[in-house]
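*Asks:* I need the structure of the sequence given here:
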Amino acid sequence: MTDQQTEVVHLVIEDGIATLTLDSPANRNALGTALVGELLDGLSHAGGDPDVRAVVLTHTGNTFCAGADLGEALARGASVEEASAAGTEAMLGVLRTILELRKPVIARIDGHVRAGGLGLIGACDMVFAGPACSFALTEARLGLAPSVISVVLLPKMTARSSGRYYLTGETFDATVAERIGLITQAHNGADDLDATLGEVLRGIRRASPQGLAASKELTTAPILAVFDRDAQRRAAESAALFGSDEAREGMTAFLSKRRPPWDLTDGRAP
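*Replies:* Coordinates of the predicted model:
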């Protein structure tokens with residue numbers, strides 16, 4: 001990791017638990033080069049430490065993660081297609097690392113979750129959410145689709161819920177997210193959230209490292225099978241969508257804070 005002044009992911013290990021905190025609130029903890037690199041370093045460090053039983057993934061600011069930081073790549077002179085390809089590659093790397101880590105990865109979130117942020121929680125073994133959480137899959141509104149993150153979301157969300165929220169882009173809260181299988185448990189307050197997390201971690205501390213690894217492998221094997229089968233196909237699908245005229249118009253409209261031409265609402269609907 002980088003020095004304390006510049007790092008955007010903080011790693012703290014205490015009582016057998018490695019806590020990784022995403023700390024780039026200025027850009028809503030977007031998955032830029034530095035954050036992805038430090039997150040992977042932290043996961044690797046925790047995975048290689050025999051004294052660590054589990055990883056808790058959390059955040060500062062009012063957004064857990066807003067997805068890929070395309071602006072970073074565009075600022076370096078990359079095309080939209082190049083920026084999206086780099087973001088896709090980084091996303092796949094993080095998702096596979098979380099899934100294959102031989103220790104539970106638990107998300108403790110209390111903020112907005114969008115785009116690739118939904119992929120992160122989809123890959124985690126458990127997700128506990130506070131009252132400030134909101135979720136939305138808004139890709140269709142931009143001429144895109146949640147292609148890559150689908151490899152971890154579709155195995156966990158109910159078919160009816162993905163059929164609704166993939167298509168409408170509606171925002172929903174943690175109570176709904178729990179009901180549709182996206183998260184493990186919703187909470188009404190931060191104290192309740194931390195109490196549940198503490199109870200879960202006490203249970204994990206009682207488990208053997210071998211037992212944890214073998215048990216996690218049972219739960220992630222079906223998702224990894226989907227990952228291996230579909231990831232590259234979804235990446236190619238995402239690249240094709242990002243390169244389309246319709247997606248360019250959608251992203252331009254979004255950045256310009258105007259409605260795209262296909263938006264048939266009156267502009268007042270959320």
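*Asks:* can you report phi and psi for residue 221?
*Replies:* phi -60, psi -40 (degrees, to the nearest 10).
*Asks:* what pLDDT does it get?
*Replies:* Per-residue confidence (pLDDT) for residue 221: 97.
*Asks:* and for it, the neighbour number?
*Replies:* Other residues lying near residue 221 total 10 when counted by other CB atoms under 10 Å. Where you see a C-beta, it was placed from the backbone N, CA and C, and this is true even at glycine.
*Asks:* could you check how far it is from residue 212?
*Replies:* Separation of residue 221 from residue 212 (CB to CB, to the nearest Å): 15 Å.
*Asks:* do you know how far residue 113 is from residue 106?
*Replies:* Residue 113 is 15 Å from residue 106, by CB to CB.
*Asks:* can you list the weak-confidence ranges in the chain?
*Replies:* Scanning the chain for pLDDT under 70 picks out the ranges 1-5, 72-75, 77-80, 267-270.
*Asks:* hang on, isn't residue 29 packed against residue 20?
*Replies:* No: at 11.6 Å, residue 29 and residue 20 do not qualify as touching, with contact defined as CB atoms under 8 Å.
*Asks:* look at the two and report which has more neighbours.
*Replies:* residue 29 (30 against 22).
*Asks:* secondary structure element for the more buried one?
*Replies:* Under the criterion DSSP states H and E, no helix or strand holds residue 29.
*Asks:* backbone torsions only: list them for it.
*Replies:* Taking degrees, to the nearest 10 as the convention, residue 29 sits at phi 50, psi 40.
*Asks:* please name the residues that touch it.
*Replies:* 22-23, 35, 59-61, 63-66, 117 (CB atoms under 8 Å, 6 or more residues apart in numbering).
*Asks:* no more questions from me, cheers.
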